[in-house]
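Participant: Fold the following and give me the result.
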Amino acid sequence: MKIHAREVIGLALIVVGIGFEKQWWAIPREWNPWQPLQVADPITPVTQWKLQRLEGDPEACLAALQTTPEESLVYTPLVPHTPVEGCPLDNVVRIQRTDVTFNRSFVASCPLAVAWVLYERHRLQPLARDMFGQSVAGVEHYGSFACRNIYHRPNARRSEHATADALDVAAFRLESGQRIELLRGWDDEGKAGEFLHQAQEGACGLFGTVLGPGYNAAHADHFHLGMRSINVCR
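Facilitator: Reported below is the predicted structural model:
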């Protein structure tokens, strides 16, 4: 009896379906796009897609944020409000500290907050420990929320900052007290420069938009880490 390729494929799909139904095997949570995102899960190509889904689901976003260990995140959920006319904020939190201290607290969209703790846990801190043998203790930023258009141009579209969907990071401070800032360190040919370049690369694929000193003069002194786009890394 001759068996056609289409029949073989059909039988294989039936077996796969039965396998999942009987739980003979299972997709790991970090690879399953329909499983809730958890901060401890390894980063996979599915992670950014899960982050994007949190934008329109405040409840799921807060649930994801709450999977961060309590000692690693101090934050306050905020009710929807309009701090500046024309820039309403929804699905936002105020971050006081994570495993690092910030120069000041900041308001962030909930997906941005989740992306930051993922970045810090899975990319930034492992990089610092690998390169310097110590963790990042502090992060200096220029802010997150600003009710404005991109580059302050009157006829441009709204910036990611207008919805608290972006954070501008200017410098990192190691446990030893060493300060690594974007403005002076980006072109450094030693470890500081290498750290900053790898820190930017590590942010790509988690944040939707990652812009740094290599992009243009307006970003010469900071990383712009935003959520609006997908895989813009410059």
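
Participant: Tell me how far T98 lies from L73.
Facilitator: In this view, T98 and L73 are 5 Å apart by CB to CB, to the nearest Å. Any C-beta I mention is one placed from the backbone N, CA and C, and that applies to glycine too.

Participant: So between those two, which is more surrounded?
Facilitator: More neighbours surround L73 than the other of T98 and L73, with 22 against 19 (other CB atoms under 10 Å).

Participant: shared neighbours of T98 and L73, anything?
Facilitator: V117 (CB atoms under 8 Å, 6 or more residues apart in numbering).

Participant: what helix or strand is the residue nearest the centre of the chain on?
Facilitator: In the chain, the centroid-proximal residue (CA atoms, centre = their mean) is A115; its distance is 2.5 Å. Assigned by DSSP states H and E, A115 falls within helix 110-119.

Participant: Show me what that helix is packed up against.
Facilitator: If you count contacts as 3 or more CB pairs under 8 Å, 6 or more residues apart in numbering; DSSP states H and E, helix 110-119 packs onto helix 47-53, helix 58-65, strand 92-97, strand 166-174, strand 223-226.

Participant: worst-scoring helix or strand of this protein, pLDDT-wise?
Facilitator: helix 5-21 (a mean of 55; mean pLDDT, DSSP states H and E).

Participant: on that earlier part again, the helices and strands packed on helix 110-119: lowest mean pLDDT?
Facilitator: Of all the helices and strands packed on helix 110-119, mean pLDDT reaches its minimum on helix 47-53 (a mean of 92).

Participant: residue ranges with poor pLDDT in the protein?
Facilitator: 1-25 (pLDDT under 70).

Participant: could you redo the last one with a cut-off of 50?
Facilitator: Flagging of the chain using pLDDT under 50 yields the residue ranges 16.

Participant: N32 is in contact with D41, correct?
Facilitator: No. Using CB atoms under 8 Å, D41 is not in contact with N32, being 10.0 Å away.

Participant: More neighbours: those two, which one.
Facilitator: D41 (21 against 14).

Participant: Which residue is the nearest non-sequential neighbour of that one?
Facilitator: E30 (4.0 Å; CB to CB, 6 or more residues apart in numbering).

Participant: So in terms of bridging, what pairs with Y75?
Facilitator: Per DSSP bridges, the residues bridged to Y75 are I95.

Participant: From W116, how far off is it?
Facilitator: Per CB to CB, Y75 is found 10 Å from W116.

Participant: Report the set of residues contacting both of those two.
Facilitator: Between them, Y75 and W116 share the contacting residues I95, judged by CB under 8 Å, 6+ apart.

Participant: more neighbours, these two?
Facilitator: W116 (25 against 20).

Participant: That one: what's it in contact with?
Facilitator: W116 is in contact with 95, 98, 108, 167, 225, counting by CB under 8 Å, 6+ apart.

Participant: Check T163 too.
Facilitator: For T163, the contacting residues are 87, 89, 109, by CB under 8 Å, 6+ apart.

Participant: possible to save those as a markdown table with distance to L174 and neighbour count?
Facilitator: What follows is the contacts of T163, written out as a markdown table (distance: CB to CB, whole Å; neighbours: other CB atoms under 10 Å):
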| residue | distance to L174 | neighbour count |
| --- | --- | --- |
| C87 | 35 | 17 |
| L89 | 33 | 21 |
| S109 | 28 | 28 |
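
Participant: can you put those in CSV and add distance to N149?
Facilitator: Shown next, in CSV, are the contacts of T163 (distance: CB to CB, whole Å):
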residue, distance to N149
C87, 11
L89, 17
S109, 18
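
Participant: Who are the contact partners of H141?
Facilitator: H141 makes contact with 102-104, 106, 167-170, 222, according to CB under 8 Å, 6+ apart.

Participant: Much appreciated, bye for now.
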